[in-house]
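Engineer: Any chance you could fold what I've pasted below:
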Amino acid sequence: MPDLAQFIPPGSTPWMLGAAVLISVGAILVFTGLVALFGLHPLRFTTRTLLGLLLIALGLLEGAITVGIQGYRALTYEEVAARVSVQPTGPQRFSATFRFPDGRQASYALAGDEIYVDAHILKWHPLINLLGLPTAYELDRVEGRYRGIEQERKAQRTLYSIAPKRPVDLFGLRRRYAFLAPLLDAEYGSGVFVPVEQPSELEVRVLTSGLIIRQSRPATRR
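Structural biologist: Residues are numbered from 1 along each chain as shown. A predicted model of the protein is given here:
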């Protein structure tokens, strides 16, 4: 059985405690509502049960949000989302090794003339910002991109997910369910691409306006 603690982001303990309190109080209200029903007090049963179910739903939502932001990083003015080493391996072929701020590292074999990266952006509404949840981001995909339109349509495509797996996909839930709109916006940050013509060290950065890729320093040729 998986350890649920691994899915709880650091610093989110107050949110999880708040969710637990809401669920607990809601459960108590539902219980007292059932007691009122057995005591032939239908009005008390209705009000306590409805209020209890509402608190339980809010607690579950808060818990889901807390778990769902696992892997996202707070977005300030400018953040280094990943450092990428690119190495040509043949005609329109290259490898890209990503090093993420959380220590993860992954390598991908890509086909094309350019490396393309995009990201998920979670933008909370102002009231939620006041509660301590800032705009957050995560890199989503990397792919090889061809310069020529015909090649882009017909040649081998290489596409990989670089987002960490999580038990709750908050970005996907927001795009699927409109009732979450008062809480947050889920939108793609601007995808970005650069040519891969020689070994290079790149930095993928996230700004409030979207993604950019900057060259860090030339890599040593092998």
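
Engineer: From now on I want contacts and neighbour counts done on CA atoms only, so please keep to that.
Structural biologist: Will do.

Engineer: Now for residue 95, how many residues are close by?
Structural biologist: Neighbours of residue 95 under the rule other Cα atoms under 10 Å: 21.

Engineer: Look up the closest residue to it, ignoring the ones flanking it.
Structural biologist: Nearest non-adjacent residue to residue 95, counting by Cα to Cα, 6 or more residues apart in numbering: residue 109, 4.5 Å away.

Engineer: Which other helices and strands does whatever helix or strand that neighbour lives in contact?
Structural biologist: If you go by DSSP states H and E, residue 109 is part of strand 105-111. When contacts are defined as 3 or more Cα pairs under 8 Å, 6 or more residues apart in numbering; DSSP states H and E, strand 105-111 packs onto strand 93-99, strand 136-145.

Engineer: I'd like to know the average pLDDT value across the first one.
Structural biologist: The predicted model assigns strand 93-99 a mean pLDDT of 96.

Engineer: Report the next helix or strand after the helix or strand bottoming out on mean pLDDT in the chain in sequence order.
Structural biologist: Least confident helix or strand of the chain, by mean pLDDT, DSSP states H and E, is strand 73-74 with a mean of 48. Using DSSP H and E, the helix or strand that follows strand 73-74 in sequence is strand 78-90.

Engineer: Next, the angle from that next one to strand 136-145.
Structural biologist: 20 degrees (axes from the mean of the first three to the mean of the last three Cα atoms, to 10 degrees).

Engineer: in its sheet, what does strand 78-90 sit against?
Structural biologist: strand 93-99 (antiparallel), strand 200-207 (antiparallel) (DSSP bridges).

Engineer: Kindly provide the distance from the residue nearest to residue 27 when sequence neighbours are not counted to residue 33.
Structural biologist: Nearest-residue entry for residue 27: residue 52, 6.1 Å, with adjacent residues in sequence omitted and distances by Cα to Cα, 6+ apart. Separation of residue 52 from residue 33 (Cα to Cα, to the nearest Å) stands at 8 Å.

Engineer: Just the residues contacting stretch 100-111, thanks.
Structural biologist: 80-83, 92-99, 143-146, 156-160 (Cα atoms under 8 Å, 6 or more residues apart in numbering).

Engineer: Repeat the analysis, applying 7 Å as the threshold.
Structural biologist: Residues from elsewhere that reach stretch 100-111, judged by Cα atoms under 7 Å, 6 or more residues apart in numbering: 81-83, 92-99, 143-144, 156-158.

Engineer: quick check: mean pLDDT across whatever helix or strand the residue nearest to residue 27 lives in?
Structural biologist: Residue 52 belongs to helix 42-68 when assigned by DSSP H and E. Across helix 42-68, pLDDT averages out at 73.

Engineer: what bridges to residue 137?
Structural biologist: Here residue 137, judged by DSSP bridges, has bridge partners residue 73, residue 121.

Engineer: Does it touch residue 118 like I think?
Structural biologist: No. Look at residue 137 against residue 118 with Cα atoms under 7 Å: they stay out of range, at 10.5 Å.

Engineer: Apart from its chain neighbours, what residue comes closest to residue 47?
Structural biologist: Counting by Cα to Cα, 6+ apart, the residue nearest residue 47 is residue 33, at 7.6 Å.

Engineer: That neighbour against residue 42, yeah?
Structural biologist: No. Applying Cα under 7 Å, one finds residue 33 not in contact with residue 42, separated by 8.6 Å.

Engineer: Between these two, point out the one with more neighbours.
Structural biologist: residue 33 (24 against 14).

Engineer: The more buried one in helix, strand or coil?
Structural biologist: helix (DSSP: H, G, I helix; E, B strand; the rest coil).
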